[in-house]
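*Asks:* Sequence and predicted structure, then a few things I'm wondering about:
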Amino acid sequence: MATAYVDDVLLVDRCLTGEPAATRELFRRHRNRVHASLFRVLGSNRDMDDLLQEAFIQVFQSLRGWRAEASLATWIDRVSVRVAYRYLSQRGRRIQTSPLIDEETVPGGEATDDRRQLARDGVRRLYAVLDELGAAARLAFTLHEIDGRPLAEVADLVGSSLTATKLRVWRARGKVEAAAAEDPVLREFLGTAEVAS
Amino acid sequence: MTLRDRIPVEQLDDERLTNIERRLVVGVSELAMKPAPRSFSALWLRGAGVLAIAAAAVIGWKLHAVPATEPAPPPAAQHFAVADGSKISVDGATLAGTASYDVTRDPQRVLVEMQRGRLELAVVHDPRRTLVIRAADTEIEDVGTKFRVDFDGANDVQVRVTEGEVKVTRHAQVVRVAAGSGWTTDRGLLALAELDPVVVAQVDPPAPVAVPATTMRPHTAEVPVVRAQPHHVEAAPVTHREIAAPQPADPFVDLRVAIRSIPIERAPNIDGHSDAANEIAKLKKLAYSTTVGPEASQALYQIAVLLYRPLGQDAEALRTLDWYFRRFAGGKEMHAAMWLRVRIACEHTLDEACRRAAYSYQHDVPSGPASEVAVRITNAQ
């Protein structure tokens, strides 16, 4: 852990001098995690390239502000959550969630076509319900329920209190469950998944 | 199985990741060039220092009233009337030919006002100063080039560009004339081959020209910066022997001219290199800080335009356009961007890349302003 911390500090110092190799290294170390988080919050999205780039532009622009108090990964996650929040908050724009899950990426290669179809439809309908949520509620719900982060970490990332975060997750879950009650496909999709508590 | 496991993440392909990485590396290098923001305390100290210096200056000025220095006089014109083809050097530009003209210099601009005759110019482009030839109501500005101007002393102006590009302005209309092309007051932009081998000045036997000794340079001389009143010397009629310009064996010269005659739409009205660089810096903030929206798409398109002209960074302009097509497939500038790609791809040669760009334009914008030209490019053999 200490080694990783020193590595981060040295890497950031090199990035601040504008060293291209350091920039590449930082991007490569963190891109998959940041991309996965953005994907889980926003769903399959035609703006994903832009968002990933925007997140790292923000990271590099603010890198002088990293005080090494939190781990670099956590700090970068915080920045990318802000990018996702801004994206969700833009008024008058529906998120272009697109059901682009490849069959190969559906877990369980032996799964039947029906199961794959259920997975695709379930994901699409879940994100359609999430599109109706406010930005803060969606962030809290997706980071906790889909990205699998503990509530305390979610609260830290979104800059809210633990209580407010719990409340947002609880309300969002209520809306998802209400939608599932009326939608058998979503109900079946969620039924096969354990919802974290 | 948790929700996390049920929602697999679509991986970005390597090419997209590499593109993002490349742009980040470039962006971070630029960021590193900027000085770190100063802290508030440092700013306070600097502010206090500036105030103290200003106060001291005011007190000193009150105590020792010194007559104000006179402002520098405006630059004066220097007249040349050259009848023997001598060369004159002015700030990196070489002027040859038989013509009568005034030269006015200041640090940012050299103005050559022709009264009549022919001038052949070889100009090393300097972004810090512009060189403008004025003939009656026509202005020709160099963009790093070799070109020739014929002026009959009344209205008829002909411009022939053999290298680089010039910008011709007349009656608020701006036309860019590139190598292999010409421009006349009557016919506008056209191919060099279409220009008549006319003599624009009166063909008379050469007469002695009364010119002050300081203004006649027998061969090559540097024009001094002068602050005197302009000389006025009546130029003698200038003899012209028509010299046919060597024409490149280019079967597509008409097509090239046709390509250049179609303007780039929605282009920002910026010509200077430094202005363009500053504008690009501003536009980048719009293009990269707003992930969607018309401002971002317009900004990205305009970055591509400015990289192409005036900066001449064609490859970078094409890369920016690729990025535009990927981000803003339905953007307002889409058709203009497709034509810009044709312009850049066909700038030097009508090769396969040029034809591909033209075919895409022809296919996607069949009734666009350049569709006819795009068809010609596609069919060019």
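*Replies:* Nice, thanks for sending it over. Residues are numbered from 1 along each chain as shown, chains lettered A, B, ... in the order given.

*Asks:* burial of the closest residue to chain B within chain A, as a residue count?
*Replies:* Taking CB to the nearest CB as the measure, chain A has A:Gly18 as its residue closest to chain B, at 2.5 Å. Glycine gets a C-beta too; all of them are placed from N, C-alpha and C. By other CB atoms under 10 Å in any protein chain shown, 17 other residues sit near A:Gly18.

*Asks:* what about the helix or strand where A:Ala164 lies and chain B, touching?
*Replies:* Using DSSP states H and E, A:Ala164 maps to helix A:162-182. No: applying CB under 8 Å from any CB of the partner chain, one finds helix A:162-182 separated from chain B by no less than 9.8 Å.

*Asks:* who does that helix touch, helix- and strand-wise?
*Replies:* In terms of contacts (3 or more CB pairs under 8 Å, 6 or more residues apart in numbering or on different chains; DSSP states H and E), helix A:162-182 is packed against helix A:113-131, helix A:135-141, helix A:151-158, helix A:184-191.

*Asks:* Would you enumerate the residues in contact with the nearest residue to B:Val112 once chain neighbours are set aside?
*Replies:* Computed as CB to CB, 6 or more residues apart in numbering or on different chains, the closest residue to B:Val112 that is not its neighbour in sequence is B:Ile133, at 4.9 Å. Contact partners of B:Ile133, counting by CB atoms under 8 Å, 6 or more residues apart in numbering or on different chains, are B:Val112, B:Met114, B:Leu119, B:Leu121, B:Glu139, B:Ile140, B:Glu141, B:Val149.

*Asks:* With A:Val83 instead?
*Replies:* By CB under 8 Å, 6+ apart, the neighbours of A:Val83 are A:Leu38, A:Leu51, A:Glu54, A:Ala55, A:Gln58.

*Asks:* Now with 10 Å, please.
*Replies:* A:34, A:38, A:41, A:50-59, B:291 (CB atoms under 10 Å, 6 or more residues apart in numbering or on different chains).

*Asks:* what's the farthest-apart pair in those residues?
*Replies:* A:Val41 and A:Ile57 (18.2 Å; CB to CB).

*Asks:* These two: which has the busier surroundings?
*Replies:* Remark: of A:Val41 and A:Ile57, A:Val41 carries more neighbours, 26 against 20, as counted by other CB under 10 Å.

*Asks:* I'd like the distance between the more buried one and A:Tyr85.
*Replies:* 9 Å (CB to CB, to the nearest Å).

*Asks:* try A:Val123
*Replies:* In terms of CB to CB, A:Val123 sits 22 Å off from A:Tyr85.

*Asks:* of the two, who's got more company?
*Replies:* Ranked by neighbour count (other CB under 10 Å), A:Val123 and A:Tyr85 place A:Val123 first, with 23 against 17.

*Asks:* Hmm, the more buried one is touching B:Ile7, no?
*Replies:* Yes: with contacts counted by CB atoms under 10 Å, A:Val123 reaches B:Ile7, the gap being 5.7 Å.

*Asks:* Who are the packing partners of the helix or strand of chain A with the lowest mean pLDDT?
*Replies:* The least trusted helix or strand in chain A, going by mean pLDDT, DSSP states H and E, turns out to be helix A:2-16, with a mean of 78. On a contact count with 3 or more CB pairs under 10 Å, 6 or more residues apart in numbering or on different chains; DSSP states H and E, helix A:2-16 meets helix A:20-42, helix A:48-61, helix A:72-89, helix B:14-33.

*Asks:* which parts of that helix are buried?
*Replies:* Residues of helix A:2-16 classed as buried by neighbour count (16 or more other CB atoms under 10 Å in any protein chain shown): A:Asp8, A:Leu11, A:Val12, A:Arg14, A:Cys15, A:Leu16.

*Asks:* wait, what's in contact with the fifth one?
*Replies:* So that's A:Cys15. A:Cys15 makes contacts with A:21-27, A:59-60, A:63-64, A:66, B:28, B:31-32, as judged by CB under 10 Å, 6+ apart.

*Asks:* Helix, strand, or coil at B:Arg116?
*Replies:* Secondary structure, DSSP: H, G, I helix; E, B strand; the rest coil: B:Arg116 is strand.

*Asks:* which non-adjacent residue is nearest it?
*Replies:* B:Gly153 (3.3 Å).

*Asks:* What segments of chain B are helices?
*Replies:* Using DSSP state H, the helices of chain B run over residues B:3-6, B:14-33, B:40-63, B:253-261, B:273-289, B:294-308, B:314-327, B:334-345, B:352-364, B:371-379.
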